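*Asks:* Make a model of this:
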Amino acid sequence: MTRADLPASSAPLASLTAANARRIAVVLQCAAMLTVAWAAHRWGALSWPGSAAVAAGALILGYLVSVGWAFLIASTSLGTAIPDDPVWDRIPVPREQRIGMTGFIACWLRECVSVAWMFNVLQPFRAQAAFDAAAIDGARVPVLMVHGYGCNRAVWLPMQRHLAAAGHPIEAIDLMPLLGDIDDYAHDIAAVVARMTHTYGRAPVLLCHSMGGLAARALLRQSTDICPVAHVITLGTPHRGTAMARSGRGRNVRQMAWASAWLRQLAASETPAVRARITSVFSWHDSIVGPAGASWLEGARHVPFSGIGHVSLLCDARVRDAVQTELARIEGKPLPPSA
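*Replies:* Take a look at the predicted model:
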């Protein structure tokens, strides 16, 4: 799906793509590094190699601080009121899933690397990269990949090649506008689902990261069919909302606020049969979706992990294996050999 296929929108910055937004961010980061290097050379009397090292250190420190701040908000629900309602309350991290300080530091560092790779390389410069063709005869269930807030299809590049190698036809959608309404995203997804169902002769599985999982649930709510998709697998989706919503912009962010009216209405519209069609794969140590239990959806199937950050869910081998196992379970087939 291209921008030309999308309806006009009154959302702020409606024509701004995630790729262009990330390119702007990369330019600003480079400008900031050059400024730091120049200042270190001009006023710190450092050599240019030394100044470059200082600038690189400042960039790394910036990632450490920003990702660490996200972890802090997600883990403590800083500044977010949690309703006095068991259905929407936080869930304590199970004892067996706790990771300690060493585990947290490793999780934090991996998340910093994942964020840098996804946001500074893949999304700005690989947004139009072709996905791998399905291996064998592509007879396995097709998969439609749906990204999260402020992102684009390139976030799926690390995972899609493994699923394609296992025989799954893979497609992805770019959700536009960036700051739009999640219910509108559901309409766009429905059009791709209908086309894929016609093309492959069977309904696809939706594999969704973060906000994309809420758009998938909105699709199920809007559908007049019993279920227009084979299944929905969500990765780090804020099914109950997220404390980080207070730091974002756009209607979609307001919809993702913890226990928002939109989330409550969505939950109230779902039957047990719909919930049974959803698998929530999540980390107890998500750096964006928190506090704990934010990805828990009563009545759905759950595949929990520990020590994995929000963006890291997209490229972690354990999560990838879990997705492949879940796809095999949905099809009722044995798990295929690893690629």
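*Asks:* give me the element Arg140 is part of.
*Replies:* Arg140 is part of no helix or strand when elements are defined by DSSP states H and E.
*Asks:* tally of neighbours for the residue nearest to it when sequence neighbours are not counted?
*Replies:* Spatial nearest neighbour of Arg140, excluding adjacent residues (CB to CB, 6 or more residues apart in numbering): Gly167 at 4.1 Å. For glycine as for every other residue, the C-beta is placed from the backbone atoms N, C-alpha and C. The tally of other residues near Gly167 (other CB atoms under 10 Å) stands at 16.
*Asks:* Can you classify Gly167 as helix, strand or coil?
*Replies:* Following DSSP: H, G, I helix; E, B strand; the rest coil, the label given to Gly167 is coil.
*Asks:* Looks like it contacts Val141 (just checking).
*Replies:* No. Using CB atoms under 8 Å, Gly167 makes no contact with Val141, being 9.2 Å away.
*Asks:* now the strands for the chain?
*Replies:* In the chain, the strands defined using DSSP state E lie at 143-146, 170-173, 205-209, 231-235, 278-283, 301-305.
*Asks:* which other residues reach the longest one?
*Replies:* Okay, so that is strand 278-283. 213, 216-217, 231-237, 239, 289, 294-297, 300-310, 312-313, 319, 322-323, 326 (CB atoms under 8 Å, 6 or more residues apart in numbering).
*Asks:* Mind checking which of those are buried?
*Replies:* With burial judged by 16 or more other CB atoms under 10 Å, the buried subset of the contacts of strand 278-283 is 213, 216-217, 231-237, 239, 289, 294-295, 297, 300-301, 303, 305, 307-310, 312-313, 319, 322-323, 326.
*Asks:* which regions of the chain sit below the pLDDT cut-off?
*Replies:* Scanning the chain for pLDDT under 70 picks out the ranges 1-13, 78-79, 138, 224-226, 333-339.
*Asks:* Which parts of it are helices?
*Replies:* 18-43, 48-76, 100-117, 123-125, 157-165, 182-200, 211-222, 251-255, 261-268, 272-275, 317-331 (DSSP state H).
*Asks:* which one of these is the most hemmed in?
*Replies:* Comparing the helices of the chain by mean neighbour count (mean count of other CB atoms under 10 Å), helix 211-222 ranks first with a mean of 25.
*Asks:* Check what contacts it and list those residues.
*Replies:* 146-149, 175, 182-183, 185-187, 189-190, 193, 206, 208, 227-229, 232, 234-235, 237-239, 252, 255-256, 263, 266, 269-270, 274, 277-278, 280.
*Asks:* Can I get the strands of the chain in JSON lines including distance to Pro83?
*Replies:* JSON lines is the format used below for the strands of the chain (distance: least, CB to CB, whole Å):
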{"stretch": "strand 143-146", "distance to Pro83": "28"}
{"stretch": "strand 170-173", "distance to Pro83": "33"}
{"stretch": "strand 205-209", "distance to Pro83": "25"}
{"stretch": "strand 231-235", "distance to Pro83": "22"}
{"stretch": "strand 278-283", "distance to Pro83": "20"}
{"stretch": "strand 301-305", "distance to Pro83": "21"}
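*Asks:* right, so of those, which gets closest to Ala134?
*Replies:* Closest of the strands of the chain to Ala134 is strand 170-173, at 7.0 Å (criterion: CB to CB).
*Asks:* partners of that closest one in the sheet?
*Replies:* strand 143-146 (parallel) (DSSP bridges).
*Asks:* which residue of this protein sits farthest from its center?
*Replies:* Within the chain, the residue lying farthest from the chain centre (CA atoms, centre = their mean) is Ala45, at 43.6 Å.
*Asks:* Could you check how far it is from Thr35?
*Replies:* Separation of Ala45 from Thr35 (CB to CB, to the nearest Å): 17 Å.
*Asks:* got it, and Met118?
*Replies:* 25 Å.
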